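1. would you be able to build a 3D model of this:
(one chain, ligands or ions: 1)
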Amino acid sequence: MKRHEPVLFFALMLIVVACNTTTTAKSPLALQPAGEAWGALYQQQAAEYKALCFQAYNIARLRLDQRLSVRSKKPLAIITDIDETVLDNSPYFSKLAREGKVYSDSSWINWTDQVMCDTVPGAYKFLKYASAKGVAVFYITNRFQRELLSTVGNLRKWKLPNADTTHVLLLNSNDNSKESRRLSVEKEHEIILLIGDNLGDFNQYFDHLNNQERSLHAQTKADLFGRTFVVLPNSMYGNWEDVFYKGQHVNSLQKQNQILLNNLK
Ligand SMILES: [Mg+2]
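-> Prediction:
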């Protein structure tokens, strides 16, 4: 047996080298679709995700109670986003990841048409509480107009307050900004809280910025988070990702992946 040892050693070395070569060639870091799958898994399984949501809605309730102790001339209102703030779309994003597909409006609408979204932890309890205190709830979402009935249906499925076509304000132009819809609510109401998972859910000064500018504005407005702005976690998607693809025709996971990798420090 001893005479075979040099041969055996050489063969083992070849295997090790081959494995290393294969690993290098086949395993470039894949942020897409693995990132969305990881984000969906976190949203579905991590108790820490739930804890963050409860924390956000506990803060919202604290701020609501503080505001209720002061009189107002106008009726009070809360503005909330829907996706990843009130409704959970993680099954859609895990399906995209499993199938190796990029987001498309048609696959998204196919998902929302099914009215299968669960609620984000803490959302139901808080919104019911606010409604019971006489505070109107307006849902400002960038879902499309054609999703109106399915969206209202999904909110009603969970018996959320003000789930009707008057209080659900969808995308009404090509501009993703929610500012005009916020102003329309503000005409008749005093807005006491804004709730969302995306900075664009809070104020127009977060619109149309690159990530460096978004971070700078978040820092400038730091005192407002946990006061009038209540932020929910979303590790699957958001404007922070969209801005990477701005002005580029990105229709494949490979292109998305390369752009994301180029921005990874
Ligand atoms: Mg959202």
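2. so for the chain, the centremost residue is which one?
-> Central residue of the chain (C-alpha atoms, centre = their mean): N234, 4.0 Å from the mean position.
3. ok, it touching D197?
-> Yes: contact status for N234 versus D197: in contact at 3.9 Å, counting by C-beta atoms under 8 Å. To be clear about C-beta, it is placed using only N, CA and C from the backbone, and glycine gets the same treatment.
4. overlap in contacts of these two?
-> E84 (C-beta atoms under 8 Å, 6 or more residues apart in numbering).
5. can you pull the contacts of N162?
-> Contacts for N162 (C-beta under 8 Å, 6+ apart) come out as 131, 136-139.
6. can you pull the contacts of the closest residue to the ion within the stretch 151-265 of the chain?
-> In the stretch 151-265 of the chain, the residue that lies nearest the ion is D197 (4.4 Å; C-beta to the ion). Residues near D197 by C-beta under 8 Å, 6+ apart: 81, 83-85, 231-234, 238.
7. how about the strands in the chain?
-> Ranges of strands within the chain are 76-80, 87-88, 118-119, 136-140, 168-169, 190-196, 229-231, based on DSSP state E.
8. the third one pairs with which strands, and in what direction?
-> Pointing back at strand 118-119 there. strand 87-88 (antiparallel) (DSSP bridges).
9. is the ion contacted by the partner strand?
-> No: between strand 87-88 and the ion, judged by C-beta under 5 Å from the ion, nothing touches; the nearest distance is 8.8 Å.
10. and stretch 43-62, by the same measure?
-> No: figure legend: stretch 43-62 not in contact with the ion (C-beta under 5 Å from the ion); closest approach 12.2 Å.
11. so which residues on the stretch 151-265 of the chain come close to the ion?
-> Residues of the stretch 151-265 of the chain lying near the ion by C-beta under 5 Å from the ion: D197.
12. contact residues of the stretch 1-150 of the chain facing the ion?
-> Residues of the stretch 1-150 of the chain lying close to the ion by C-beta under 5 Å from the ion are 81, 83-84.
13. pLDDT and neighbour count for those residues - can I get that in JSON lines?
-> Below are these laid out as JSON lines (pLDDT from 0 to 100; neighbours: other C-beta atoms under 10 Å):
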{"residue": "D81", "pLDDT": "98", "neighbour count": "23"}
{"residue": "D83", "pLDDT": "98", "neighbour count": "23"}
{"residue": "E84", "pLDDT": "98", "neighbour count": "25"}
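14. would you format those residues as a markdown table with distance to H208 included?
-> Shown next, in a markdown table, are those (distance: C-beta to C-beta, whole Å):
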| residue | distance to H208 |
| --- | --- |
| D81 | 18 |
| D83 | 20 |
| E84 | 21 |
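15. nearest to E188 among these?
-> D81 (20.1 Å; C-beta to C-beta).
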